[in-house]
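I would like to see how this sequence folds:
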Amino acid sequence: MTGRYRWSGGNRVELLVEGKQFIPRMLQVIEEARETLLLEFYMVSSGDVADQFISALIRASKRGVRVCWLIDDFGGRKFRTQDSEKLMQGGVQVRRYNPISLFKLASNLVRDHRKLMIADQRIGFIGGTGISDEYLRSNSEEGALAWQDVMLQVQGAVVADMVQLFSRQWLNSGGVMPPVTPQETARLGDALARVTEVEGLKLQQIKRSFVHHVKQANERVWLATAYFMPAFSVRRSLRLAAQRGVDVRLIVAGPDTDHPWVYHASKRYYRRLLQAGVRIFEYQPSFLHTKLGLCDNWVSVGSCNLDHWNLRWNLEANLEVVEPQLTQAVEQLLNSDMSRSYEVIYAHWCKRPWYQKLREVSWSLLCQLLLKIR
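Residues are numbered from 1 along each chain as shown. Here you go, the predicted model:
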């Protein structure tokens, strides 16, 4: 479970639930920044939310803040060129991670899936959101609810590791880092925290750490994930935990999802998990985009879905935290999400119609073919 970053104490960590809570908070921090703003986001789409960030970042730049924004080229495909130009004209440094090119072939599949923001090297945000209207839309917009997601607001020594995490990819993408000065590490809270990563097959720390904590769990393993296509080691650890009496629950996206084919293909994994005693809940109100793990009192929040694709191709970043108040907040959130979910019961699952089974097998075979891409 070795990685670049170690556990640090004395951090303050707050769980922010849904865009209506974390987007205004992030914008407020941008307005209060005085030295640097570092942003790294996979999904960036032009619209009302992006416009708010563009305006806030340009205002920050005009008052002397050094602003750097790394956007994944594929995730930012709906971010208009004129919006990027507006940012750069306003003094914001904008870089695209791994620009799409026909000549790169399979290298185009390597994506920066991280979601983080750091202000003045003191306040960090990390989680699963994008800068897009999906996270803040109202019921009136085509009857759709905002995507369900979470972010952590972080202060303390661990923020320095988030700066290093950003710096590595920013420099690799041709950016110039603003001066980074050592920050005081005064005790701001009671949270133990550390940054964990995935860099494709080269570095699988998030997966290894999750499997380790599942194996060590005595009471519960609760996992919320948007795309349930888990690696074999993850599935096996969940089954074994349930078989030894641990309360294992999965909250996954229901039929409201941006990738219906994943929703159907993921069901190939249900049978053995249900037989082992794992409880599975499909979230109903909107698209569950959360990536959140709870093993006893250990919490992991970030960008990684623990699925085959994320672990093979993507850059991912999570924050692991041990702190009683955060554990309680996560427990309350997941209980609320499960109360708004459809629980898959094994007896009913076995009676699903043949055409549903055929659809699941078909999409599952396609997913397996895609994973063979080199």
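
measure the residue nearest the centre of the chain to Gly200 for me?
Per CA atoms, centre = their mean, the C-alpha nearest to the average position across the chain is that of Ser303, at 1.9 Å. Relative to Gly200, Ser303 is positioned 14 Å away (CB to CB, to the nearest Å). No exception for glycine: its C-beta is placed from N, CA and C like everyone else's.

Which parts of the stretch 51-200 of the chain are strands?
Counting by DSSP state E, counting those that start in this stretch, the stretch 51-200 of the chain has strands at residues 66-72, 93-97, 115-119, 123-127, 150-155, 191-199.

now the fifth one: how far from the chain's centre is it?
So the one you mean is strand 150-155. 12 Å (CA atoms, centre = their mean, to the nearest Å).

quick one, that strand and strand 115-119 angle?
30 degrees (axes from the mean of the first three to the mean of the last three CA atoms, to 10 degrees).

contact partners of strand 150-155?
Strand 150-155 is touched from outside by 11-18, 22, 25-26, 115, 122-129, 162, 188-189, 193, 290, 292, 301, 319, 321, 333, with contacts defined as CB atoms under 8 Å, 6 or more residues apart in numbering.

Kindly report the same for the longest one.
The list of residues contacting strand 191-199 from outside it, by CB under 8 Å, 6+ apart, reads 3-13, 126, 154, 156, 158, 161-162, 165, 203-207, 209, 300, 302, 304, 310-311, 314-323, 326.

Throw the strands of the stretch 51-200 of the chain into a markdown table and include distance to Ser107 and mean neighbour count, thanks.
Shown next, in a markdown table, are those (distance: least, CB to CB, whole Å; neighbours: other CB atoms under 10 Å):
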| stretch | distance to Ser107 | mean neighbour count |
| --- | --- | --- |
| strand 66-72 | 14 | 24 |
| strand 93-97 | 12 | 20 |
| strand 115-119 | 22 | 25 |
| strand 123-127 | 26 | 25 |
| strand 150-155 | 30 | 24 |
| strand 191-199 | 14 | 23 |
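
Columns mean pLDDT and distance to Val248 on top of those, output as JSON lines?
Converted to JSON lines, the strands of the stretch 51-200 of the chain look like this (pLDDT from 0 to 100; distance: least, CB to CB, whole Å):
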{"stretch": "strand 66-72", "mean pLDDT": "98", "distance to Val248": "32"}
{"stretch": "strand 93-97", "mean pLDDT": "97", "distance to Val248": "35"}
{"stretch": "strand 115-119", "mean pLDDT": "98", "distance to Val248": "26"}
{"stretch": "strand 123-127", "mean pLDDT": "98", "distance to Val248": "23"}
{"stretch": "strand 150-155", "mean pLDDT": "98", "distance to Val248": "21"}
{"stretch": "strand 191-199", "mean pLDDT": "96", "distance to Val248": "21"}
